[in-house]
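>>> Kindly generate the corresponding structure for this input.
(one chain, ligands or ions: 2)
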Amino acid sequence: MMDDSALIAEGNHVNSESIKQELYIRQFAQGFLSLEGIGVLLLDSEFRIVEISEMICSLFGFNRADIIDQSAELWFDSLSLHPHPFDRSLLEGKTFRNRVLNRKRDKHSHKLMLDGEVLRENGMVSGAFILFRDVSHLLTLEEQIRRSDRLKTIGQIAAGTAHEIRNPLTAIKGFMQLLNKALSDRDMSKEQEFVSIVLSELERVNDLVSEFLLLSKPKEIKLVPIRMGTILHEILPMIRSEAMLYKVTVLYYPKPELPSILADKEQLKQVFLNLGKNAIEAMNGGGTLIIRECSYPYEPDRVAVEICDTGSGIPAEVLEKVFDPFFTTKPLGTGLGLSVCQRIVHDLGGSIEVSSDEGGTQFTVLMPHADARMD
Ligand SMILES: Nc1ncnc2c1ncn2[C@@H]1O[C@H](COP(=O)(O)OP(=O)(O)O)[C@@H](O)[C@H]1O
Ligand SMILES: [Mg+2]
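Residues are numbered from 1 along each chain as shown. Ligands and ions are numbered 1, 2, ... in the order given. Down below sits the predicted model:
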């Protein structure tokens, strides 16, 4: 049997346990609310917002204080979220999992997954909470793996067939040039015109095959530590002269203090040339091409080059296809430029990201630091 003093001690113990528990739960809640990758929205039994985490505020662009105590429906309307991502049926116990919500912010589109749960007190619903998870990065990763698999297959086909096409092409071209000369000696100008059409079409096939060959892995790649700036510096004259034809202004922002990467110089030149060419082609009639070296605080092991244009942008339904081999919206395009870029950058352990709106397009090439790759 316990005496009184033992009972009191026991009571104190229970009390301090629950205080401690409450303290930890409060700290957990605070920590949870400030997580970057996951957002929480807490609602009362009237569907009014009780608490909201910073992640959601910044993603949707508003101040926390402005919407606390507001009804969730009003909040959806102010954000033009139609249809509403969830409704009051949640408070009747209609919970949900993995509901998808797409959100565009600062040119970046975010894919969010929402889980809705109810809170109960003595069996009665007293409110609800919704978890927002940003899964955009996971999806990008998945998409990149799919793309690189597809590219590998194409690379194999390219390696097998491109040379077979190119060799007869060279022969045809040679004989056409001879024919051209023979026709010119006989003053057959009309026939000569036909031959020149054949020659220019041959040139096009040749360009296509050359790009196709780039898709297959070149035999000799030399990986050396090199700065992105060195590569950009070497191709800038080419980009500037192309830009001039299209009345495009080129702005280059170097950042010499960035660490080196490990890459094949010629290959990476090809990447930036393709991206620069696309940007310029998107601004026919004038615009500004910005090439910027930079690094991001959330990417401590990688350096980046941003290629931004003020072209007409890429509509969402086109955006998901731009890296597909042979996808092109240009009458004379090959649709291989971005596939080649993707292939090269991926093989070097980097990645390419794209974002676009009516104001223009930005391609970002991210490459790991040389020392991060060597160990
Ligand atoms: N900077 C850009 N602005 C607008 N659209 C672009 C841009 N870069 C690429 N694209 C789109 O992606 C498509 C594929 O590009 P790419 O693979 O280089 O092939 P191509 O340039 O031969 O069409 C282009 O046809 C175009 O529709
Ligand atoms: Mg191109």
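
>>> For this protein, which helix or strand comes out least confident on mean pLDDT?
Least confident helix or strand, the chain: helix 370-374 with a mean of 68, by mean pLDDT, DSSP states H and E.

>>> contacting residues for C57?
Listed by CB atoms under 8 Å, 6 or more residues apart in numbering, the contact set of C57 reads 63-64. Quick note: C-beta positions are derived from backbone N, CA and C, even for glycine.

>>> In what element of secondary structure is it found?
For C57, the host element (DSSP states H and E) is helix 54-60.

>>> residue boundaries of the helices in the protein?
Applying DSSP state H to the chain gives helices spanning 4-33, 54-60, 64-67, 72-78, 136-185, 189-215, 228-245, 265-281, 316-319, 337-347, 370-374.

>>> could I have the second one exported to PDB, CA atoms only?
So the one you mean is helix 54-60. What follows is helix 54-60, C-alpha atoms only, in PDB (Å, rounded to 0.1, in the frame of the first residue of the first chain):
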ATOM      1  CA  GLU A  54       5.900  29.700 -43.800                       C
ATOM      2  CA  MET A  55       6.400  27.300 -46.700                       C
ATOM      3  CA  ILE A  56       2.800  27.700 -47.900                       C
ATOM      4  CA  CYS A  57       2.900  31.500 -47.300                       C
ATOM      5  CA  SER A  58       6.000  31.900 -49.500                       C
ATOM      6  CA  LEU A  59       4.800  29.500 -52.200                       C
ATOM      7  CA  PHE A  60       1.500  31.300 -52.500                       C
END
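
>>> and D309, how many neighbours does it have?
Residue neighbour count, defined by other CB atoms under 10 Å, stands at 25 for D309.

>>> my bad, should have said A72
24.

>>> L336 - how many residues pack around it?
Residues lying near L336 (other CB under 10 Å) number 23.

>>> Distance-wise, check it relative to D187.
From L336 across to D187, the span is 41 Å (CB to CB, to the nearest Å).

>>> pLDDT score for the nearest residue to R166 once chain neighbours are set aside?
Excluding the flanking residues, the one nearest R166 by CB to CB, 6 or more residues apart in numbering is V209, at 5.1 Å. Looking at V209, its pLDDT stands at 80.

>>> Just list the residues touching V209, thanks.
By CB under 8 Å, 6+ apart, the contact set of V209 is 162, 165-166, 169.

>>> Who are the contact partners of the residue of the stretch 251-375 of the chain found nearest ligand 2?
Relative to ligand 2, the nearest point of the stretch 251-375 of the chain is G337 (2.9 Å; CB to the ion). The contact partners of G337, by CB under 8 Å, 6+ apart, come to 211, 274, 277-278.

>>> per-residue pLDDT, it?
Reported pLDDT for G337: 90.

>>> Kindly report the same for M238.
We note a pLDDT of 89 for M238 in this prediction.

>>> try G37
pLDDT recorded at G37 is 81.

>>> Over to H137?
pLDDT, H137: 76.

>>> Give me the distance between it and P85.
The gap separating H137 from P85 is 20 Å, by CB to CB.

>>> go on, K247?
To P85, K247 is 45 Å away according to CB to CB.
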